[in-house]
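> No letters, just coordinates:
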């Protein structure tokens, strides 16, 4: 089954404690990206990757890092989380720029 | 970054009614996408539009890529309770993977 899998799905953490949200897709997709969803703001792109070792900033990259060492994985790293990074995060992938984008189920992150 | 204006923000309708929502942009887009998000789920693609003027249907859903390439609309005919959710438009300006989403339209259907 075609899937984009994120972990953890729910996390409460403290300010400043580094965390990583993993994302894995089993469709051999080249394109992957991370979004955050906040009330009244919709989905905003954090980072995207068009291939292994190729990443680029989206609209709201501050406070986040990503890596794309292998095709299937695209982890989102919060080096020093702050409360304004409390949000619902989605990972997504697609096989091409114009092709269907598949979203993961989301990761609820709370930073206290 | 680029912002899409999506309207209305929310709609409360009776079952059986038709629904229309739209998105506008200050920039020209070469792709328009419409997604639906159910509670606790990620967005799911409903319709993708790739050419100005394109009109595409998916069951009771119809979407159009505006001639100016700066707008798109989504219509839902004969709404049913399972149409409830948040509908997002999204647009792509260039050939990269950068995608901009509208803020969403919350649809409530009263049985």
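Received, thanks. Since we're looking at a predicted model, the values are computed, not measured.
> ok, residues contacting stretch A:85-95?
Residues outside stretch A:85-95 that contact it (Cβ atoms under 8 Å, 6 or more residues apart in numbering or on different chains): A:4, A:6, A:21, A:23, A:25, A:27-38, A:43, A:46, A:63, A:74, A:76, A:78, A:100-104, A:106-111, B:42-43, B:97. Glycine gets a C-beta too; all of them are placed from N, C-alpha and C.
> If we go by neighbour counts, what in that stretch is buried?
Within stretch A:85-95, the residues that qualify as buried are A:85, A:86, A:87, A:88, A:89, A:90, A:91, A:92, A:93, A:94, counting by 16 or more other Cβ atoms under 10 Å in any protein chain shown.
> Please apply the same query to stretch B:63-81.
Residues B:63, B:64, B:65, B:66, B:69, B:70, B:71, B:72, B:73, B:74, B:76, B:79 are the ones in stretch B:63-81 that count as buried (16+ other Cβ under 10 Å).
> By mean pLDDT, flag the weakest helix or strand of chain B.
Lowest by mean pLDDT, DSSP states H and E among the helices and strands of chain B is strand B:100-101, with a mean of 88.
> helices or strands up against that one?
Judged by 3 or more Cβ pairs under 8 Å, 6 or more residues apart in numbering or on different chains; DSSP states H and E, the packing partners of strand B:100-101 are strand A:42-51, strand B:85-92.
> quick revisit: just the buried residues of stretch B:63-81: which are in strands?
Counted as lying in strands by DSSP state E, out of the buried residues of stretch B:63-81, are B:63, B:64, B:65, B:71, B:72, B:73, B:74, B:76.
> Who does the third one form a beta bridge with?
So the one you mean is residue B:65. On the basis of DSSP bridges, residue B:65 is bridged to residue B:72.
> hang on, the earlier thing: any chance of TSV for the buried residues of stretch A:85-95, columns pLDDT and secondary structure?
As requested, the buried residues of stretch A:85-95 are exported to TSV (pLDDT from 0 to 100; DSSP: H, G, I helix; E, B strand; the rest coil):
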residue	pLDDT	secondary structure
A:85	98	helix
A:86	97	coil
A:87	97	strand
A:88	96	strand
A:89	97	strand
A:90	96	strand
A:91	96	strand
A:92	94	strand
A:93	94	strand
A:94	89	strand
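> Just the pLDDT at the spatially closest residue to residue B:38 that is not a sequence neighbour, thanks.
Ranked by Cβ to Cβ, 6 or more residues apart in numbering or on different chains and with sequence neighbours excluded, the top spatial neighbour of residue B:38 is residue B:85, at 4.9 Å. At residue B:85, the pLDDT value in this model is 95.
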